[in-house]
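>>> Just need the structure, nothing else, for what follows:
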Amino acid sequence: MKIKNVALAATSLAAALVLSACGSGDSPGTAAGAPPVPSSAASPGSQQVSAEHNAADIAFVQGMIPHHRQAVEMAKLADDRAGDGVKDLATRIEQAQGPEIEQMRGFLTAWGAPESGPMSSMPGMESGAMGGMQGMMSGQEMAQLGQASGAEFDRMFLQMMTAHHEGAVQMARTELSAGVNPQAKALAQQIIDAQQAEITEMRGLLG
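This next block holds a predicted model:
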(Lines give C-alpha, C1' and ligand atoms only; values in the text may rest on other atoms or scores of the structure.)
Protein backbone atom coordinates (compact mmCIF):
# COMPACT_ATOMS: atom_id res chain seq x y z
CA MET A 1 0.00 0.00 0.00
CA LYS A 2 2.79 2.43 0.85
CA ILE A 3 4.38 1.88 -2.57
CA LYS A 4 1.01 2.56 -4.28
CA ASN A 5 0.49 5.78 -2.28
CA VAL A 6 3.98 7.01 -3.17
CA ALA A 7 3.33 6.35 -6.86
CA LEU A 8 0.05 8.28 -6.75
CA ALA A 9 1.73 11.20 -5.00
CA ALA A 10 4.48 11.31 -7.61
CA THR A 11 1.92 11.30 -10.43
CA SER A 12 0.01 14.22 -8.84
CA LEU A 13 3.21 16.23 -8.42
CA ALA A 14 4.18 15.69 -12.06
CA ALA A 15 0.76 16.86 -13.22
CA ALA A 16 1.03 20.00 -11.11
CA LEU A 17 4.43 20.81 -12.58
CA VAL A 18 3.09 20.42 -16.14
CA LEU A 19 0.20 22.79 -15.43
CA SER A 20 2.57 25.31 -13.89
CA ALA A 21 4.85 25.22 -16.94
CA CYS A 22 1.90 25.82 -19.29
CA GLY A 23 0.87 28.92 -17.33
CA SER A 24 4.36 30.41 -17.33
CA GLY A 25 4.09 31.39 -21.02
CA ASP A 26 2.07 34.52 -20.15
CA SER A 27 3.91 37.83 -20.29
CA PRO A 28 5.13 39.08 -16.92
CA GLY A 29 2.59 41.31 -15.25
CA THR A 30 -0.23 40.29 -17.62
CA ALA A 31 -3.20 38.79 -15.84
CA ALA A 32 -4.76 35.67 -17.32
CA GLY A 33 -7.62 36.55 -19.62
CA ALA A 34 -6.62 40.24 -19.84
CA PRO A 35 -7.01 41.76 -23.34
CA PRO A 36 -3.69 42.23 -25.21
CA VAL A 37 -2.33 45.76 -25.64
CA PRO A 38 -1.94 46.59 -29.35
CA SER A 39 1.71 47.15 -30.22
CA SER A 40 0.73 49.86 -32.68
CA ALA A 41 -1.13 51.98 -30.13
CA ALA A 42 -0.50 55.68 -30.63
CA SER A 43 1.62 57.43 -28.07
CA PRO A 44 -0.11 59.95 -25.78
CA GLY A 45 -0.63 63.29 -27.48
CA SER A 46 -0.08 61.99 -31.01
CA GLN A 47 -2.84 62.50 -33.55
CA GLN A 48 -3.08 60.90 -36.94
CA VAL A 49 -4.10 63.24 -39.74
CA SER A 50 -7.47 62.36 -41.22
CA ALA A 51 -7.19 61.26 -44.84
CA GLU A 52 -10.53 62.91 -45.64
CA HIS A 53 -9.90 66.08 -47.63
CA ASN A 54 -10.93 67.97 -50.74
CA ALA A 55 -9.46 70.60 -53.05
CA ALA A 56 -10.47 73.40 -50.68
CA ASP A 57 -8.50 71.82 -47.83
CA ILE A 58 -5.39 71.54 -49.99
CA ALA A 59 -5.75 75.10 -51.30
CA PHE A 60 -6.20 76.45 -47.77
CA VAL A 61 -3.06 74.78 -46.46
CA GLN A 62 -0.96 75.54 -49.55
CA GLY A 63 -1.95 79.19 -49.30
CA MET A 64 -1.67 79.54 -45.53
CA ILE A 65 1.87 78.14 -45.29
CA PRO A 66 3.52 81.03 -47.21
CA HIS A 67 1.11 83.43 -45.52
CA HIS A 68 2.29 82.28 -42.09
CA ARG A 69 5.92 82.31 -43.21
CA GLN A 70 5.69 85.97 -44.13
CA ALA A 71 4.09 86.78 -40.78
CA VAL A 72 6.99 85.03 -39.02
CA GLU A 73 9.46 86.96 -41.18
CA MET A 74 7.77 90.23 -40.25
CA ALA A 75 7.75 89.26 -36.57
CA LYS A 76 11.49 88.54 -36.62
CA LEU A 77 12.13 92.09 -37.88
CA ALA A 78 10.66 93.41 -34.64
CA ASP A 79 13.43 91.87 -32.53
CA ASP A 80 15.77 94.84 -32.82
CA ARG A 81 13.50 97.50 -34.30
CA ALA A 82 10.27 97.64 -32.28
CA GLY A 83 9.15 99.06 -28.97
CA ASP A 84 8.31 96.71 -26.13
CA GLY A 85 4.57 96.45 -26.85
CA VAL A 86 5.02 95.56 -30.51
CA LYS A 87 7.98 93.30 -29.74
CA ASP A 88 5.87 91.29 -27.30
CA LEU A 89 3.09 90.94 -29.88
CA ALA A 90 5.58 89.90 -32.57
CA THR A 91 7.04 87.23 -30.30
CA ARG A 92 3.59 85.75 -29.69
CA ILE A 93 2.83 85.75 -33.42
CA GLU A 94 6.08 83.93 -34.17
CA GLN A 95 5.51 81.37 -31.41
CA ALA A 96 1.98 80.64 -32.62
CA GLN A 97 2.49 80.52 -36.36
CA GLY A 98 5.80 78.65 -36.48
CA PRO A 99 4.29 75.41 -35.13
CA GLU A 100 1.18 75.88 -37.30
CA ILE A 101 3.41 75.85 -40.38
CA GLU A 102 4.78 72.45 -39.38
CA GLN A 103 1.27 71.21 -38.64
CA MET A 104 0.08 72.23 -42.11
CA ARG A 105 3.10 70.63 -43.76
CA GLY A 106 2.08 67.43 -41.98
CA PHE A 107 -1.40 67.73 -43.49
CA LEU A 108 0.00 67.91 -47.01
CA THR A 109 2.34 64.98 -46.40
CA ALA A 110 -0.57 62.86 -45.15
CA TRP A 111 -2.66 63.82 -48.17
CA GLY A 112 0.15 63.23 -50.67
CA ALA A 113 -0.12 66.83 -51.87
CA PRO A 114 2.76 69.18 -52.77
CA GLU A 115 3.59 72.13 -50.55
CA SER A 116 2.90 74.62 -53.31
CA GLY A 117 0.06 74.75 -55.78
CA PRO A 118 -1.81 77.06 -58.15
CA MET A 119 -2.49 80.28 -56.27
CA SER A 120 -5.83 80.58 -58.06
CA SER A 121 -7.17 77.42 -56.38
CA MET A 122 -8.62 79.44 -53.50
CA PRO A 123 -10.77 82.55 -53.90
CA GLY A 124 -8.62 85.64 -53.50
CA MET A 125 -5.36 83.73 -54.04
CA GLU A 126 -4.69 84.98 -57.53
CA SER A 127 -1.37 84.32 -59.22
CA GLY A 128 1.13 87.09 -59.58
CA ALA A 129 2.90 89.30 -57.09
CA MET A 130 2.53 88.37 -53.43
CA GLY A 131 1.59 91.90 -52.47
CA GLY A 132 -2.16 92.26 -52.02
CA MET A 133 -2.71 88.49 -51.97
CA GLN A 134 -4.95 87.99 -48.94
CA GLY A 135 -3.17 90.77 -47.07
CA MET A 136 0.37 89.69 -47.89
CA MET A 137 3.07 92.32 -48.29
CA SER A 138 4.98 92.93 -51.49
CA GLY A 139 8.76 92.69 -51.61
CA GLN A 140 8.94 96.49 -51.64
CA GLU A 141 6.76 96.77 -48.54
CA MET A 142 8.88 94.19 -46.71
CA ALA A 143 12.01 96.14 -47.62
CA GLN A 144 10.49 99.36 -46.30
CA LEU A 145 9.55 97.64 -43.05
CA GLY A 146 13.07 96.32 -42.70
CA GLN A 147 14.53 99.81 -43.06
CA ALA A 148 12.26 101.36 -40.42
CA SER A 149 12.87 101.47 -36.68
CA GLY A 150 11.37 102.80 -33.47
CA ALA A 151 7.95 104.46 -33.65
CA GLU A 152 7.95 104.36 -37.46
CA PHE A 153 8.55 100.61 -37.44
CA ASP A 154 5.83 100.08 -34.84
CA ARG A 155 3.27 101.98 -36.92
CA MET A 156 4.18 100.21 -40.17
CA PHE A 157 4.29 96.80 -38.52
CA LEU A 158 0.89 97.21 -36.88
CA GLN A 159 -0.74 98.48 -40.07
CA MET A 160 0.79 95.74 -42.22
CA MET A 161 0.16 92.93 -39.76
CA THR A 162 -3.46 94.01 -39.31
CA ALA A 163 -4.03 93.72 -43.06
CA HIS A 164 -2.09 90.45 -43.07
CA HIS A 165 -4.24 89.00 -40.29
CA GLU A 166 -7.45 90.14 -42.01
CA GLY A 167 -6.36 88.17 -45.08
CA ALA A 168 -5.68 85.07 -42.99
CA VAL A 169 -9.10 85.32 -41.37
CA GLN A 170 -10.73 85.52 -44.80
CA MET A 171 -8.82 82.44 -45.97
CA ALA A 172 -9.76 80.56 -42.81
CA ARG A 173 -13.44 81.41 -43.25
CA THR A 174 -13.30 80.03 -46.79
CA GLU A 175 -11.88 76.79 -45.38
CA LEU A 176 -14.70 76.54 -42.83
CA SER A 177 -17.32 76.86 -45.54
CA ALA A 178 -15.68 74.78 -48.29
CA GLY A 179 -13.28 72.34 -46.61
CA VAL A 180 -14.10 68.88 -45.24
CA ASN A 181 -11.02 67.81 -43.26
CA PRO A 182 -11.83 68.10 -39.54
CA GLN A 183 -8.30 69.00 -38.48
CA ALA A 184 -7.83 71.63 -41.20
CA LYS A 185 -11.16 73.18 -40.25
CA ALA A 186 -10.21 73.13 -36.57
CA LEU A 187 -6.98 74.95 -37.45
CA ALA A 188 -8.94 77.46 -39.51
CA GLN A 189 -11.16 78.23 -36.52
CA GLN A 190 -8.08 78.51 -34.31
CA ILE A 191 -6.57 81.03 -36.74
CA ILE A 192 -9.78 83.07 -36.78
CA ASP A 193 -10.03 83.18 -33.00
CA ALA A 194 -6.36 84.06 -32.40
CA GLN A 195 -5.92 86.56 -35.20
CA GLN A 196 -9.20 88.39 -34.62
CA ALA A 197 -8.05 88.97 -31.04
CA GLU A 198 -4.67 90.19 -32.28
CA ILE A 199 -6.34 92.53 -34.79
CA THR A 200 -8.23 94.12 -31.91
CA GLU A 201 -4.99 94.38 -29.93
CA MET A 202 -3.12 95.98 -32.84
CA ARG A 203 -5.84 98.53 -33.45
CA GLY A 204 -5.59 99.45 -29.79
CA LEU A 205 -1.83 99.89 -30.07
CA LEU A 206 -2.30 102.10 -33.13
CA GLY A 207 -4.70 104.26 -31.15
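
>>> these two touch, right, residue 64 and residue 170?
No: using C-beta atoms under 8 Å as the test, residue 64 is too far from residue 170 to be in contact (11.1 Å). (Each C-beta comes from the backbone N, C-alpha and C, glycine too.)

>>> And the next helix or strand past whichever strand or helix holds residue 146?
Applying DSSP states H and E as the criterion places residue 146 in helix 139-147. Per DSSP H and E, the first helix or strand lying C-terminal to helix 139-147 is helix 150-178.

>>> Next, the angle helix 139-147 makes with that following helix.
Relative orientation of helix 150-178 and helix 139-147, computed by axes from the mean of the first three to the mean of the last three C-alpha atoms, to 10 degrees: 140 degrees.

>>> still on that earlier bit, tell me the mean pLDDT for the helix holding residue 146?
For helix 139-147, the mean per-residue pLDDT is 97.

>>> next one: stretch 177-190
98.

>>> And for stretch 156-167?
98.

>>> Can you give the contact residues for it?
Residues outside stretch 156-167 that contact it (C-beta atoms under 8 Å, 6 or more residues apart in numbering): 67, 70-71, 74, 77-78, 82, 86, 90, 93, 124, 133-137, 141, 144-145, 148, 195-196, 198-199, 202-203, 205-206.

>>> So between residue 64 and residue 170, which is more surrounded?
Using other C-beta atoms under 10 Å as the criterion, residue 64 and residue 170 rank with residue 64 on top: 27 against 15.

>>> roughly how far apart are that one and residue 134?
Distance from residue 64 to residue 134, counting by C-beta to C-beta, to the nearest Å: 9 Å.

>>> Please list only the buried members of the contacts of stretch 156-167.
Buried members of the contacts of stretch 156-167, scored by 16 or more other C-beta atoms under 10 Å, are 67, 70-71, 74, 77-78, 82, 86, 90, 93, 133-137, 141, 145, 148, 195, 198-199, 202.

>>> Taking their axis directions, the helix or strand harbouring residue 195 and helix 150-178 sit at what angle?
Assigned by DSSP H and E, residue 195 falls within helix 182-206. Angle of helix 182-206 versus helix 150-178, following the same axes, to 10 degrees, is 150 degrees.
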